[in-house]
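J.: What follows is a protein structure lacking sequence information:
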């Protein structure tokens, strides 16, 4: 397997620094790192981004996430391992990732459930993190980046 090109964010001067700067800002919010890791993994699974799934699992494990929960993310609705706040974040991640799947991309019930658990800065952090994950997914998938190549 070979990538089509180097990751585009590495080829455009300053792009990767800007993206990582956004990510670091999000990580300074009150949204738990474990929740951010779960939404990153779920969006990456949906988008079929092997580098992000691989890297997301490795990063989550470094932050103390369990194999049990990581293996359950794809079927989170049927698993008992997630808090109500994490479930709300996972539902939001799925809807923000699948914008074209319905006429109302993020239905009120999904948004309202997330708003029960996160204040406006928390919601903003989640939406930004999901969007950033989707950015990385699209960069990696379209250029066929290789899982594990980034260390």
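T.: Received it, and whenever you're ready, just let me know what you need. Every value quoted in this text rests on a predicted model; they were computed, and no experiment measured them.

J.: tell me which element residue 106 falls in.
T.: Using DSSP states H and E, residue 106 is not contained in any helix or strand.

J.: from what I can see it touches residue 97, true?
T.: No - at 10.3 Å, residue 106 and residue 97 do not qualify as touching, with contact defined as CB atoms under 8 Å. All C-beta atoms are positioned from the backbone trio N, CA, C, and that covers glycine.

J.: ok, these two, which is more surrounded?
T.: Taking residue 106 and residue 97 together and counting by other CB atoms under 10 Å, residue 97 has the greater number of neighbours (21 against 17).

J.: and that one, what does it touch?
T.: 42-43, 46-47, 130, 133-134 (CB atoms under 8 Å, 6 or more residues apart in numbering).

J.: now with 7 Å?
T.: 43, 46-47, 130, 134 (CB atoms under 7 Å, 6 or more residues apart in numbering).

J.: what stretches of this structure score poorly on pLDDT?
T.: Applying pLDDT under 70 to the chain flags the ranges 150-151.

J.: what do you get if the cut-off is 90, keeping everything else the same?
T.: Screening the chain residue by residue with the criterion pLDDT under 90, one finds the ranges 1, 148-151.

J.: quick one, strands of it?
T.: Chain-ordered strands for the chain, with DSSP state E as the definition, do not occur.

J.: circling back: want to throw the contacts of residue 97 into TSV with distance to residue 3 and neighbour count?
T.: Output for the contacts of residue 97, formatted as TSV (distance: CB to CB, whole Å; neighbours: other CB atoms under 10 Å):
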residue	distance to residue 3	neighbour count
43	21	27
46	21	16
47	16	19
130	24	23
134	19	21
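
J.: As TSV, these with distance to residue 111 would be great.
T.: TSV is the format used below for these (distance: CB to CB, whole Å):
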residue	distance to residue 111
43	17
46	18
47	21
130	13
134	17
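
J.: Tell me the one among those residues nearest to residue 78.
T.: Of all the contacts of residue 97, residue 78 sits closest to residue 46, with 16.6 Å by CB to CB.
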